[in-house]
Structure formats: structure tokens, C-alpha cells
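Novice: predicted model, plus sequence, below.
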Amino acid sequence: MTAQVAIAAVSEMKPGRYPEMDGHALYVEVVRQFLAEWSVKPADIQGILACPSGMAGGGRTDIFVHEQLYEELGIHPLYGDTMNAGGATYGYMVQRAATAIRQGLTDSVLCVGAGKFPKVGAGGAELMARMVSHEAFEFPYGTFIPAIYAQVASRHMHEFGSTAEQLAEIAVSSREWALRNPQSATYGSEPLTVARVRESRPIATPFHLYDCSIPLEGGAAVLVTSEQVARRISPQPAWLLGMGEYHSHRNIHQAADLLDIGCGRAGRMAYERAGLSAADMQFAQIYDAFSVNPLVFAEELGLCPRGKGGELFASGATRPGGDLPINTYGGLLSFGHTGDASGMSMIVEGARQVMGIAGDRQLTRAEIGVVHSYGGMMSEHSTLILGRQP
């Protein structure tokens, strides 16, 4: 990774329900907030990457978002695309933008995501199940997204003896961070306890309600730039030190191992390219659609020994004041899972921590951190290493 590339600016809407806005209106609002927050003008944006709006609902999607956005901005970008890899989309956007910048195609790329999360009633659940399931070998048997992830949790319990209480500790840790984040959906609510998580409504064994992310709407923007542009925009950019990508399977029944699903491979590539190791990471932001994700992925990323993810979270190390903070913005479990834009939140938070602009949740040690996101049923993985020094 030769020429220096950085995340120079980030912005994110507060997760919520925005019934007055369709997908395009959400995109426009995300860009408006971004331009209001940073000293960036439309003319400063040379590239734009976006995600199809309506993707999370499994129904009609708009696949020409980048065209609409550059027309709204009144610019003629040198680089642009609308791309989709589920929750990994935005990690891949950062990687694609970095590659384009290093090739001299552009100096700056605005990566944008916005969208809605359908209410998971009977109709919404079926649409989403069809979107993630094999039509012949999975969907006819009543596929449901929480149940697929519950298989992963059950497998980890079987192999390593992890417990439902340890999963609950992950939800508790996320809520503690969310209570320090005014932008989180649960800010101002009561802290969670293991008992409260376990007593909440059952969803799919071993998950209860608070083991599941909160389906909401919103969006975010990340500006990836060359070194020269980054230093002009930000007093402390978040430098992209390493990146890794791995695609494992399309349908979950084709995954060879539910506990070694591709995250580790993407992580090893990112560490190698950064010239660093898991031991160098001072924090982690990990896509957590369900409580089991941070447990399994912390192991795959080498942040703790295999089989010890439950113990890591139960120890308190991931909470405020702990030795290895994880999901310091509250995670999708407590910050909110913003549908089409859900893979943005951990990148925004990783950059904010490195940039030193995370407010009351700012870490004292945030020189280097790892950000991991994935798409599909843990099918495709993106790992980014961010740091304060290029």
C-alpha cells in the first residue's frame, strides 16, 4: 500500500423512522448533512460511490443512485458507480476508492449509503427470507434470518461451551457504549443487564429480543481522499493502513464451517498489508446484526483465542474503560441497524475514534483500530485497518 489514502471526513444521520422520506430523499439528506458538517463543497468531490436504495427490503431497488446524486450535486465526477455487496458494500467502497486514488484516477471519492429497513412482519420477513435464501434448498423449509444466525450461535455453544449469558454480555456492552452516544437510537434509555436480555422476548434459540439489532432507517457518508486533500480537509485524518477482502459463499448451506466463514481471511490480508498484527489493534468496530457476530468475528480477527470470544465479552474488556473496546458507538444492537446503510456505521465510528472526534465515548488509546463488515449471510467480508499516522 504505497500512496497514502485517508478517510478525511465522515457524517451520519441519527437512526430512526423517516416515513416522509423515500430512499432518494434519505440520500439527499445524508449528503446535505455531510456538506453542512465539513468544509467540503460539491466541486471538491471527484468521485462518488453509492448503494442501491431499497436493497434491504428485497423488493424494488433503485440501481442508478450515483447518477441521481451527482446530478443533484451539480458535478461531473471522474469516477462513479452504484454497487451492492450487502453490509460489506461500504467497506468495499472504501477499498475501491483507495485503489482509484492510488491509480491516479481521482483525488477524492464520496462513499454514500442511505436506506430503510422494512418492518419485519409476515410480508417483510418473507421478502427478506427470499433475498437471502436458496430458492430450492433453503426457502421451502421456512428460512428466517434470525434462525440462520442462531445456527452459528448454537454451533459455537456446541464446540466451545459458550453460553447464552455470554451472548447477552455482548448486548450489555453495546448498550453501555450507546448510552454515551447521543446519536444512538437507545440514547437516554436504561442500561441492559444479562438478566434483562435473557428475560426479553424469545426470537430464535438462543436469541432473545436484545440479542437482535434494531431495524431502523438512516444513512452516512465517508470521504476517501489522497494525502494532499486529506491534510487540507482534516487536522487528523483516519489513514487507511491496510485492507482485506474475501468472498466465501452465496447460500449459508454452502458454508464449509459456520465458525470460519471468511472474516479471518480478510483480516489477515489487512494486517499483512498494514505491516501490523491483531495484537496492535486498540479497538474494533464489528458488524453485529446479532449478538453472536462480535463473538465469532473477534476470534476470527485474532482479537482473542478461538473459542474464547464469550469470555472476552464477559470479562468486561469490550466495555467503556476496558482493554479492548468493541463497537464504541453502540453497534447495530443499540445504535440502530439502518437497512441499506448498515455497513456504514462501523466505518464512521472507526474513523471518528482515530480522528479524535467521538465525543463522550472518545477512547484514550485510538491510534490504530480494525473495522470489519460483511454482506449476505456472512458471505463476503471487508476488513479495514485505520490509524493516526500514515
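Specialist: Now that the structure is in, tell me what you want to look at.
Novice: could you list the buried residues of stretch 298-306?
Specialist: Across stretch 298-306, burial judged by 16 or more other C-beta atoms under 10 Å covers 298-304. All C-beta atoms are positioned from the backbone trio N, CA, C, and that covers glycine.
Novice: of those, closest to V10?
Specialist: L301 (21.9 Å; C-beta to C-beta).
Novice: please name the residues that touch the closest residue to the closest one other than its chain neighbours.
Specialist: Setting aside the residues directly before and after it, L301 is nearest to G267 in space (C-beta to C-beta, 6 or more residues apart in numbering), at 4.4 Å. By C-beta atoms under 8 Å, 6 or more residues apart in numbering, G267 lies in contact with 244, 278, 300-302, 370, 372, 383.
Novice: which one of the buried residues of stretch 298-306 is nearest S154?
Specialist: Out of the buried residues of stretch 298-306, the member with the shortest distance to S154 (by C-beta to C-beta) is E299, at 16.0 Å.
Novice: helices or strands up against the helix or strand harbouring that closest one?
Specialist: Using DSSP states H and E, E299 sits within helix 292-300. Contact analysis of helix 292-300 by 3 or more C-beta pairs under 8 Å, 6 or more residues apart in numbering; DSSP states H and E lists helix 145-160, helix 164-178, helix 263-274, strand 284-286, helix 309-314 as its packing neighbours.
Novice: want to throw those into TSV with distance to I75?
Specialist: Listed next are the helices and strands packed on helix 292-300 as TSV, based on distance: least, C-beta to C-beta, whole Å:
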stretch	distance to I75
helix 145-160	38
helix 164-178	36
helix 263-274	31
strand 284-286	30
helix 309-314	44
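Novice: which of those sits closest to S200?
Specialist: Of all these, helix 164-178 comes closest under C-beta to C-beta, at 9.1 Å.
Novice: ok so, going back, now, which of the contacts of G267 lie within helices?
Specialist: E300 (DSSP state H).
Novice: now intersect the contacts of G267 with the strands, please.
Specialist: 244, 370, 372, 383 (DSSP state E).
Novice: show me what the lowest-mean-pLDDT helix or strand in the chain is packed against.
Specialist: For the chain, counting by mean pLDDT, DSSP states H and E, helix 122-132 ranks last in confidence among helices and strands (a mean of 73). Secondary-structure packing of helix 122-132 (3+ C-beta pairs under 8 Å, 6+ apart): helix 145-160.
Novice: give me the mean pLDDT for the helix it packs on.
Specialist: Average pLDDT, helix 145-160: 94.
Novice: what angle separates that helix from helix 122-132?
Specialist: 60 degrees (axes from the mean of the first three to the mean of the last three C-alpha atoms, to 10 degrees).
Novice: what does helix 145-160 contact?
Specialist: Residues contacting helix 145-160 (C-beta under 8 Å, 6+ apart): 125, 128-129, 132, 162-164, 167, 203-207, 212, 252, 258-259, 289-293, 295-296, 306-310, 377-378.
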